[in-house]
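Engineer: Pasted the sequence and its predicted model underneath.
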Amino acid sequence: MITFVGAGPGAEDLITVRGQRFLQDADLVVYAGSLVNPGLLSMCRKDCEIYNSAVMTLEEVLDVMTAGYREGKRIVRLHTGDPCLYGAIREQMDALEDQGIPYEVCPGVSSFSGAAAALGAEYTLPGISQSVVITRMAGRTPVPEKESIAAFAAHQATMVIFLSTGMLKKLSEELIRGGYPADTPAAIVYKATWPEEKVLRCTVDALEETARREGVTRTALIIVGRILGEEYERSKLYDPSYTTVFRKASHPEIRSRDAENTGESKKSDKEDKQ
Ligand code: SAH
């Protein structure tokens, strides 16, 4: 079996318990050396074979994994964050499938979660934004025109922008061209959850200048949106005047108003009585 494992965003103890077990049991590990914390490899057995995919091609990675599989080895392909984002795992899974080799995926904590934690941010604030756009600037990998930064910026939803730290001037221009006011709050989170993490808050028009001042050129996420500002509405879920499936509103008159408005209370009342 070959397991694609999410290594988490950086801190060694942010791999999942399941991912850690796979690493401890592995006979062979291929890790993405450009971003995976090498400290994680100390969880591997002394006799585990270890390869750094940063210096390998897709073909070389596949050769190592398929040869290992045929020798009956337990193999871990260790990707940074969660492998489902910019992980280039589909091409590996398809190649394994073609050869009839079974695989599975063990999810990880993505850096976009690590960055939110570093910022103390909630990406989905009532009254501000209820959506998160995860995207990147076009680089050597093109981005479909319909998914341009400006097209997404028109929604003014929260944006988390990967792989774009080297293009911040263009990024600001695109965000503003799309509709974000220049003074919209933004942040650059460098190496979220690593010991050298930096959290830089600024505005959309000041991304490049802020990164330059702090010497940040790579391994960062850009977060944009009014969720980084001061205003928002409190949640309905924990509002005393709202009835939910699990909790009745505190005031009976409000409860009956809810029943009229949503038709939900009847159901909740019934469930509460059970
Ligand atoms: N699968 C990974 C993303 C891989 S793409 C994940 O889920 O996080 C690599 C890009 O992710 C980097 O260029 C950077 O933009 C971002 N990144 C990865 N780890 C990061 C971290 N600890 N802090 C900030 N950005 C990070």
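Structural biologist: Happy to help now that I have it. As the structure is a computational prediction, the values presented were derived from the model and not from experiment.

Engineer: which ones are touching R234?
Structural biologist: Counting by C-beta atoms under 8 Å, 6 or more residues apart in numbering, R234 touches P126. Where you see a C-beta, it was placed from the backbone N, CA and C, and this is true even at glycine.

Engineer: Please give the element, helix or strand, for it.
Structural biologist: Assigned by DSSP states H and E, R234 falls within no helix or strand.

Engineer: And it, how far from S129?
Structural biologist: R234 is 15 Å from S129, where distance means C-beta to C-beta, to the nearest Å.

Engineer: ok, now V55?
Structural biologist: Taken as C-beta to C-beta, the span from V55 to S129 is 40 Å.

Engineer: Settle it for me: which of the two has more neighbours?
Structural biologist: Neighbour comparison, V55 and S129: the larger count goes to S129, with 20 against 9 (by other C-beta atoms under 10 Å).

Engineer: Quick check: pLDDT value at the more buried one.
Structural biologist: S129 is assigned 97 on the pLDDT scale.

Engineer: does any bit of stretch 204-220 sit next to the ligand?
Structural biologist: Yes: contact of stretch 204-220 with the ligand (C-beta under 6 Å from any ligand atom) involves T219, A220.

Engineer: scratch that, stretch 13-25 is what I was asking about
Structural biologist: No: if you take C-beta under 6 Å from any ligand atom as the test, stretch 13-25 misses the ligand, and the best it gets is 9.4 Å.

Engineer: separation between whichever residue of the stretch 151-274 of the chain sits closest to the ligand and L119?
Structural biologist: With C-beta to the nearest ligand atom as the measure, A192 is the residue of the stretch 151-274 of the chain nearest to the ligand, at 3.6 Å. To L119, A192 is 9 Å away according to C-beta to C-beta.

Engineer: more crowded one of these two?
Structural biologist: Shown here are A192 and L119; by other C-beta under 10 Å, A192 has more neighbours (27 against 18).

Engineer: Report the helix or strand with the lowest average pLDDT across the chain.
Structural biologist: None of the helices or strands of the chain scores lower by mean pLDDT, DSSP states H and E than helix 264-273, at a mean of 41.

Engineer: so where is this protein shaky, pLDDT-wise?
Structural biologist: When residues are selected by pLDDT under 70, those of the chain lie in 251-274.

Engineer: State the phi and psi torsions of the closest residue to the ligand within it.
Structural biologist: For the chain, the residue closest to the ligand is G81, as judged by C-beta to the nearest ligand atom, at 2.1 Å. Recorded main-chain torsions at G81 are phi 60, psi -130, according to degrees, to the nearest 10.

Engineer: Surely it touches A115?
Structural biologist: No: with contacts counted by C-beta atoms under 8 Å, G81 stays clear of A115, the gap being 10.3 Å.

Engineer: Overlap of the contact sets of the two?
Structural biologist: Both G81 and A115 are contacted by P9, under the criterion C-beta under 8 Å, 6+ apart.
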